[in-house]
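Trainee: no sequence for this one, just the structure:
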């Protein structure tokens, strides 16, 4: 399984979770089989609300799950349509902390009611 987590820095497993999916500087993709983290720069991080397409690189990198602190409804719908489940994660945790928590299966799947608007996710 490949889990994508929007991050605010490129520190591998110690990268911090970013607050909003579309404007994250990069995405960390954790492979549960190899236990390795691959970083993908988000070329859409600077954009007008609702005018980005960060989903395509995730599809190309065969992501199964996205874990986010905040995400708009359109991105959530697009990911779900592509068969990618989205789960809520607390901002400012590290990828390492998330992976440890993931094994406990304590994360809630995100719904449209959980989505944010105008980059106001907190």
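Mentor: Right, received. Where do you want to start? Every value quoted in this text rests on a predicted model; they were computed, and no experiment measured them. Numbering: from 1, shown residues only.
Trainee: Can you show me the strands along the protein?
Mentor: 2-7, 26-31, 36-41, 65-68, 85-88 (DSSP state E).
Trainee: Residue 104 is nearest to which of those strands?
Mentor: Smallest distance to residue 104 across the strands of the chain (C-beta to C-beta): 12.6 Å, for strand 85-88. Any C-beta I mention is one placed from the backbone N, CA and C, and that applies to glycine too.
Trainee: Kindly reformat the strands of the chain as TSV containing mean pLDDT.
Mentor: Formatted as TSV, the strands of the chain follow (pLDDT from 0 to 100):
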stretch	mean pLDDT
strand 2-7	92
strand 26-31	91
strand 36-41	88
strand 65-68	91
strand 85-88	91
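Trainee: Output those strands in a markdown table, with mean neighbour count appended to each entry.
Mentor: A markdown table is the format used below for the strands of the chain (neighbours: other C-beta atoms under 10 Å):
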| stretch | mean neighbour count |
| --- | --- |
| strand 2-7 | 25 |
| strand 26-31 | 22 |
| strand 36-41 | 16 |
| strand 65-68 | 25 |
| strand 85-88 | 17 |
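Trainee: can I get those in TSV with distance to residue 57?
Mentor: Shown next, in TSV, are those (distance: least, C-beta to C-beta, whole Å):
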stretch	distance to residue 57
strand 2-7	9
strand 26-31	7
strand 36-41	6
strand 65-68	12
strand 85-88	16
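Trainee: What separation is there between residue 28 and residue 114?
Mentor: Between residue 28 and residue 114 the distance is 21 Å, computed by C-beta to C-beta, to the nearest Å.
Trainee: what pLDDT does the closest residue in space to residue 68 that isn't next to it in sequence get?
Mentor: Leaving out its chain neighbours, the residue that sits closest to residue 68 by C-beta to C-beta, 6 or more residues apart in numbering is residue 21, at 4.8 Å. The per-residue pLDDT reported for residue 21 equals 85.
Trainee: rewinding a little: of the strands of the chain, which approaches residue 13 most closely?
Mentor: Residue 13 sits nearest to strand 36-41 of all these, at 5.3 Å, using C-beta to C-beta.
Trainee: Which strands or helices does that closest one pack on?
Mentor: strand 26-31 (3 or more C-beta pairs under 8 Å, 6 or more residues apart in numbering; DSSP states H and E).
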